[in-house]
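K.L.:
Got a predicted structure plus its sequence, pasted below:
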Amino acid sequence: MKGKDDEKDWKNRIEKFITIFRRLHTAAKPEDKSPLPLLDMMRARFVIQSATVPGGKSLISVIDDPRSSSDDRLSPNKTASDWYFYHPARVLKSMGIQFRQNKTGSFSDIKFESHLLVRGVLTLPPVHIDASTKSLLLNLLAFESSCHNNSANNMQQGVVTSYMCFIDSLIDNAEDVMILRTQNVINNCLGNNQLVADLFNEIASNLVPNPHTYAKAKLGIQNHCNNKFKKWMAEGHHIHFRNLWTLLALFGSLLLIALTASQTYLAAM
């Protein structure tokens, strides 16, 4: 009895350490009570803890199941890589897409919502970058490739790998990192934004993601970028509404045109 209590106590201590050290959300109660290796516990905090939604369905299967959409681009015979064009954060921002951190902290939980007119919102798990992050990610990737890619569910294979590739697609340079920092998606404790960009670019350079992971989010992003009206509105907003002075100049011009038209109309009467 004492041995079981000690095991539970140590497991709770490890969970608290992981939560504090990586600044993660509180862990959900695990369904499997069997002991887990330390790396498996760490991976579970990033992937498994929030991988279910009400109704018992897997979050990643609800979000990314290619059969969940009537769009033929999400058919089982096609993958996201067949039609999705990767865009860095600065390009997506210029297209009216904003970035928000999710509430789960799970790598599985990446969503995109397109709103009326210009705005779109890409929701991502917040990530804490410090001197230990590179070794942690490399260990998680190695552990996942050796232990978690034999799942019967294709949607749940290579979640960490797919996450790294997706974030790498958003980050080309320090400017992209700065955009994600200002949106609270990245917490950079390294100080130098280019170091963060180099970290993701280096780690993801030889990775191959699961082609079905984040398929619905990628489809939403691609549709948003392909929408000519939203593209035109976003470009106009970016050019004319970048600061207060351009905004005032635009409204001043419109007011002058309105006054001139009114004066002409009254003179004609």
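P.N.:
Looks like it arrived, so ask away.

K.L.:
so where's the chain shaky on pLDDT?
P.N.:
1-37, 48-83, 117, 148-156, 230-250 (pLDDT under 70).

K.L.:
what's near enough to touch L92?
P.N.:
Residues near L92 by CB atoms under 8 Å, 6 or more residues apart in numbering: F99, G120, L122, L170, I221, C225. The C-beta positions use only the backbone N, C-alpha and C, and glycine is treated the same way.

K.L.:
Would you point out the most distant pair within the residues you listed?
P.N.:
F99 and C225 (14.9 Å; CB to CB).

K.L.:
So which other helices or strands are in contact with the longest helix along the chain?
P.N.:
In the chain, assigned by DSSP state H, the helix with the most residues is helix 244-268. Other elements packing on helix 244-268 under the criterion 3 or more CB pairs under 8 Å, 6 or more residues apart in numbering; DSSP states H and E are helix 228-240.

K.L.:
buried ones in the one helix or strand L92 maps to?
P.N.:
If you go by DSSP states H and E, L92 is part of helix 89-94. For helix 89-94, burial by neighbour count (16 or more other CB atoms under 10 Å) applies to A89, R90, L92, K93.

K.L.:
Does anything pack onto the helix or strand that it is followed by? Which helices or strands?
P.N.:
The helix or strand immediately downstream of helix 89-94 is strand 97-101, counting by DSSP H and E. Applying 3+ CB pairs under 8 Å, 6+ apart, one finds that strand 97-101 makes contact with helix 89-94, strand 120-124.

K.L.:
L207: which of the ones you listed is closest?
P.N.:
L207 sits nearest to strand 120-124 of all the helices and strands packed on strand 97-101, at 17.6 Å, using CB to CB.

K.L.:
Can you list the strands that the next helix or strand along the chain from the closest one pairs with?
P.N.:
Downstream of strand 120-124, the next assigned helix or strand under DSSP H and E is strand 127-129. Here strand 127-129 has these sheet partners by DSSP bridges: strand 186-188 (parallel).

K.L.:
mind listing what's buried in the partner strand?
P.N.:
Here strand 186-188 shows I186, N188 as buried, counting by 16+ other CB under 10 Å.

K.L.:
Leaving out sequence neighbours, find the closest residue to H115.
P.N.:
Nearest-residue entry for H115: V121, 7.1 Å, with adjacent residues in sequence omitted and distances by CB to CB, 6 or more residues apart in numbering.

K.L.:
For the one you found, give the beta-bridge partners.
P.N.:
In this entry, V121 is beta-bridged to Q98, E113, by DSSP bridges.

K.L.:
For it, give its distance to A217.
P.N.:
Between V121 and A217 the distance, using CB to CB, to the nearest Å, works out to 11 Å.

K.L.:
Compare these two (neighbour count), which wins?
P.N.:
Set V121 next to A217 and count neighbours by other CB atoms under 10 Å: A217 wins out with 22 against 16.
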